[in-house]
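> Model the following, please.
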Amino acid sequence: MTLPASLLRTAGFAALYLLATWAGRQTIMDGTNLSLVWPAAGISAVWFLAQHRSRWRAVDVLALSVVTYAVNTATGATPVPALWFVVANVLQAELFGVLFRRWLPHLWGGGGSRPMSRLPELWRLMAAAFLATGAGALIGPTAAWIVDGVYSVPATAVWLTRNTVSILLIGVAGLRLGYALHRRRAAHTGLGTVLRGELAALTRRRAMEYAVVVVVSALTYTVAFGIDHGLPLAFPLLAMTVWAGLRLRTGFVILHDLAFGSAAVLFTLNGEGPFAHVPDNALRALIAQAFVGMVAVVGLALALGRDERARLVADLRESEQAAAEQATVLATIVDGMAEGLAVMDTQGRLILRNPAGGRLLGGLVSTTGQMADTGFYGLFHADGRLIAAEELPFRRTLHTGEPHSMDIVVRNSSVPEGRILHVAATPLPHPINGEPCAVSIFSDVTAERRHRDELASFAGVVAHDLLNPLATVEGWSDAGMSALDEAPEHPAVEDARDGLRRIRRAGVRMRNLINDLLAYTTARDAALAPVDVSLNALVPELTTARVDQAESGGGPVPRFHLGDLPPVHADPVLVRQVLDNLIGNAVKYTAPGTTPEVSITAAAAPGGRVRVEVRDNGIGIPDGQHGRVFDNFHRAHRTAGYAGTGLGLGICRRIVERHGGTIAAEPDPGGRGTRITFTLPAAVSMSAARQRHAAV
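Numbers count the residues shown, from 1 in each chain. Here you go, the predicted structure:
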């Protein structure tokens, strides 16, 4: 704000404050310097709110001080009380501004740009007005005490009541006007345009209601205050305020309260109306101001409450409309997805399914959510085994509360050879109709999986065919090394030995890769021959072999900690391969100079399974790679100098998933290292024992 604009606004407020101060001084109580009415309190409150961002606020404080002192001394006050009145009025206006900006920062005048439109805002404004006028009341009546030597409690009560009512009436009106001017400037529209817009929106019936309220209010106030009938007819006049507050605009209610509240005070000061019969000046002023305050509070509370309810209804309608639009957009997106989507509850009922889901599942589920028999053959694992109901991803995720995914082969009359779907299920955060639900996303990966399988088969064939030439290379390199051992020392001979050593190392790496490729092909293609496998017998055999290997190689001897390991029902060859890979990794990926510590435990898990856990104190897996380490050829420590092909954990996952289990890696909760867990079916004997125990 520029200096001329600020000074112009200061001059305008100073003129209004001058008139209000002079009018208030005309209502001085007999024998005191305190006025019965003080409209200047409301003017000063609005003044300091409007100017609180001005860089020249000191001019406003000076102007208010000069006007207060000049009017008070000109109307009979001595210099000392006049100075006290200056301090009281400045403190009152400043404190109200501070409290208003602290409690109502979002309103115009408090730093924001909104009008007062909620009941809590009215209560905060009243609290700020009461506290500010209370601070002024501690100073103003004290001045009269210093001059007269008598402290007047009624005078203090009058100061507190009159200033609070003044800020409430005039302050609310000023805030409303300030907001209207702010909105007009923001919209770049003239005041006439705004008024014409308001009048255009006013219906004839509502205009008649405004006119009736004004006329009836004028008549009733005239009867109650203008005629000396001796009847207490003041408080029934609140009915007009209630009418206006319940039916008419908030701005009109504010003007109605201000106009007719002022009329009641003027009648009382003129010695007319029911309050004029009170003999004591202070008590008469208190009653009149209390009436005006009640009129203002009732009218504003009703109007703001009605506005708040109307706004809530409008917001609710907008929210419902927005929700409907969002639902339409979401339905369009879901229906347009190429991937299938289905929401199922714990009972297997279909809550939602998109068209792509119907196309991909074929005859699996009907539109009513029930299993359709026509043309449906079943759901199968990749190896041809029928998938049990409890193995379905949505059931597993509802049982564990964790996401699950797997490949499913769907066979029906339209696709007898089967369609491969990758299904990923995730639990929904909130139940539907009181039932926990899971959303499943499934996509057709038939071509991708078959292409991958063809590549894997090709890799297996190639790996097998490479063993013969590799054996030839290894044999001749060994023969060459033996021949060179008998040759005399010569630089050329040493170069030949170095070259042959390189060939042998490359041969070892190639044989490891070929063995892993063959193992992966076996894990993928070999038929399962599950039997009950004793982990208590298998795991010690594998750990003993690792200890012997370390002792013979001169490396650190690993320490193993084995718990009681329940038996599993699985292919013994493949289970051995899984455990051997995991134990080997736990020993291999250990920091130099560290003795490997490996803990292997197992326990029964829900769904008739055994959960096996392998923990180590190794170098761990980098953050963000705990899921990727099970991808084929992924190596988490490619540059750390550890040998490997990146197929070991991929083989483990393939074997575990073929048994219907899951495998996961995570940092060891106990400190440095990794914890890998996997599940396998429990032994048949163990499951039978559980069933007998449950039956008992």
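
> average pLDDT across the helix or strand hosting residue 4?
Here residue 4, judged by DSSP states H and E, is contained in helix 3-25. The average pLDDT within helix 3-25 is 89.

> buried ones in that helix?
Within helix 3-25, the residues scored as buried using 16 or more other C-beta atoms under 10 Å are 6-7, 9-10, 13-14, 16-18, 20-22, 24-25. Every C-beta, even on glycine, is put in place using the N, C-alpha and C of the backbone.

> Same check on stretch 441-449?
Neighbour counts over stretch 441-449 (16+ other C-beta under 10 Å) mark 441, 442, 443, 444, 445, 446, 449 as buried.

> could I get those residues as JSON lines with pLDDT?
Below are those laid out as JSON lines (pLDDT from 0 to 100):
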{"residue": "441", "pLDDT": "89"}
{"residue": "442", "pLDDT": "85"}
{"residue": "443", "pLDDT": "86"}
{"residue": "444", "pLDDT": "85"}
{"residue": "445", "pLDDT": "81"}
{"residue": "446", "pLDDT": "80"}
{"residue": "449", "pLDDT": "67"}
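
> Next, count neighbours for the closest residue to residue 109 other than its chain neighbours.
Of all residues not flanking residue 109 in the chain, residue 49 sits nearest, at 3.7 Å (C-beta to C-beta, 6 or more residues apart in numbering). Around residue 49 there are 24 other residues, counting by other C-beta atoms under 10 Å.

> Next one: residue 49 from residue 88, what distance?
Note on residue 49: its distance to residue 88, by C-beta to C-beta, to the nearest Å, is 18 Å.

> show me where the stretch 251-400 of the chain has helices.
281-336, 355-361, 393-400 (DSSP state H, counting those that start in this stretch).

> any residues touching the last one, and which ones?
Counting by C-beta atoms under 8 Å, 6 or more residues apart in numbering, helix 393-400 makes contact with 342, 344, 346, 348, 389-390, 403-406, 423-427, 436-438, 440, 606-607, all of which sit outside it.

> repeat that with 10 Å
342-346, 348, 387-390, 392, 402-406, 408, 422-428, 435-442, 605-607, 660, 662 (C-beta atoms under 10 Å, 6 or more residues apart in numbering).

> picking up where we left off before, look up how far residue 129 lies from the residue nearest to residue 109.
In this structure, residue 49 and residue 129 are 12 Å apart, going by C-beta to C-beta.

> Now residue 92. Nearest residue, chain neighbours left out?
Distances taken as C-beta to C-beta, 6+ apart put residue 136 closest to residue 92, at 3.6 Å, once the chain neighbours are dropped.

> Please disregard the earlier target; I meant residue 234.
What sits nearest to residue 234 in space, not counting adjacent residues and going by C-beta to C-beta, 6+ apart, is residue 274, at 4.9 Å.

> residues near the one you found, how many?
Neighbours of residue 274 under the rule other C-beta under 10 Å: 22.

> Contacts only, for residue 42.
Contacts of residue 42 by C-beta under 10 Å, 6+ apart are 16-17, 20, 129, 163-174, 258.

> can I assume residue 439 is in contact with residue 343?
Yes - shown here, residue 439 and residue 343 form a contact pair, counting by C-beta atoms under 10 Å, at 5.0 Å.

> shared neighbours of these two, anything?
Joint contacts of residue 439 and residue 343 (C-beta under 10 Å, 6+ apart) are 351, 352, 394, 428.

> how close does the third one sit to residue 350?
Same thing as residue 394. Remark: distance between residue 394 and residue 350 (C-beta to C-beta) = 10 Å.

> So which residues of this structure form strands?
340-345, 350-353, 376-380, 404-412, 419-427, 437-444, 531-533, 559-562, 568-570, 597-605, 609-616, 663-667, 674-681 (DSSP state E).

> Most tightly packed of these?
Of the strands of the chain, the one with the most neighbours on average (mean count of other C-beta atoms under 10 Å) is strand 568-570, at a mean of 25.

> what does that strand rub up against?
Applying C-beta under 10 Å, 6+ apart, the contact partners of strand 568-570 are 528-535, 538, 575-576, 578, 602, 608-610, 612, 655-656, 658-661, 679-687.

> count of residues packed around residue 386?
10.

> cool, and residue 347?
For residue 347, the neighbour count with other C-beta under 10 Å is 7.

> ok, now residue 248?
19.

> Likewise for residue 630?
Applying other C-beta under 10 Å, we find 20 residues neighbouring residue 630.

> State the pLDDT value of it.
At residue 630, the pLDDT recorded in the model is 79.

> Now do the same contact list for it.
Going by C-beta under 10 Å, 6+ apart, residue 630 touches 648-654, 656-657, 663-665, 676.

> Go through those and name the one nearest residue 250.
Lowest distance from residue 250 to the contacts of residue 630 (C-beta to C-beta) belongs to residue 664, with 61.7 Å.

> Please pull out the lowest mean pLDDT helix or strand from the chain.
The helix or strand of the chain with the poorest confidence is helix 684-695; it has a mean of 50 (mean pLDDT, DSSP states H and E).

> what are the phi and psi values for the nearest residue to residue 422 once chain neighbours are set aside?
Excluding the flanking residues, the one nearest residue 422 by C-beta to C-beta, 6+ apart is residue 445, at 4.7 Å. Main-chain torsions, residue 445, degrees, to the nearest 10: phi -120, psi 30.

> Let the chain start at 54 from now.
Happy to do that; since the first residue is 54 now, the last one works out to residue 498.

> can I assume residue 498 is in contact with residue 472?
Yes - contact between residue 498 and residue 472 holds when scored by C-beta under 10 Å: they sit 9.2 Å apart.

> so what's the nearest residue to residue 298 once chain neighbours are set aside up against?
Spatial nearest neighbour of residue 298, excluding adjacent residues (C-beta to C-beta, 6+ apart): residue 355 at 2.8 Å. Residue 355 makes contact with 172, 294, 295, 296, 297, 298, 299, 300, 301, 303, 306 under the criterion C-beta under 10 Å, 6+ apart.

> repeat that with 8 Å
Per C-beta under 8 Å, 6+ apart, neighbours of residue 355: 294, 295, 298, 299, 306.

> would TSV of those residues with neighbour count be doable?
Below are those laid out as TSV (neighbours: other C-beta atoms under 10 Å):
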residue	neighbour count
294	25
295	12
298	23
299	13
306	28
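
> Looking at those, which one is closest to residue 260?
Of the contacts of residue 355, the one sitting nearest to residue 260 (C-beta to C-beta) turns out to be residue 306, at 16.1 Å.

> how many other residues sit next to the closest residue to the closest one other than its chain neighbours?
Distances taken as C-beta to C-beta, 6+ apart place residue 356 nearest to residue 306, at 4.3 Å, with adjacent residues excluded. Counted by other C-beta under 10 Å, the residues lying close to residue 356 total 27.

> Residue 356 contacts residue 300, doesn't it?
No - Residue 356 is beyond contact range of residue 300, at 9.4 Å (criterion: C-beta atoms under 8 Å).

> How confident is the prediction for the closest residue to residue 214 other than its chain neighbours, by pLDDT?
Of all residues not flanking residue 214 in the chain, residue 342 sits nearest, at 4.5 Å (C-beta to C-beta, 6+ apart). For residue 342, the model assigns a pLDDT of 84.

> Kindly report the same for the one 3 residues further on.
Residue 345 is assigned 86 on the pLDDT scale.

> Settle this for me: it is touching residue 316, isn't it.
No - counting by C-beta under 8 Å, residue 345 does not reach residue 316; the two are 9.6 Å apart.

> who has more neighbours, the two?
Between residue 345 and residue 316, residue 345 has the larger neighbour count (other C-beta under 10 Å), namely 26 against 19.

> ok, for that one, nearest residue in space, not its chain neighbours?
According to C-beta to C-beta, 6+ apart, the nearest residue to residue 345 is residue 314 (3.9 Å).

> Next, count neighbours for the one you found.
If you count neighbours by other C-beta under 10 Å, residue 314 ends up with 24.

> residue contacts, the residue positioned nearest the centre of the chain?
For the chain, residue 482 is the residue whose C-alpha lies nearest the centre (C-alpha atoms, centre = their mean; 13.9 Å). Listed by C-beta under 8 Å, 6+ apart, residue 482 has no contact partners.
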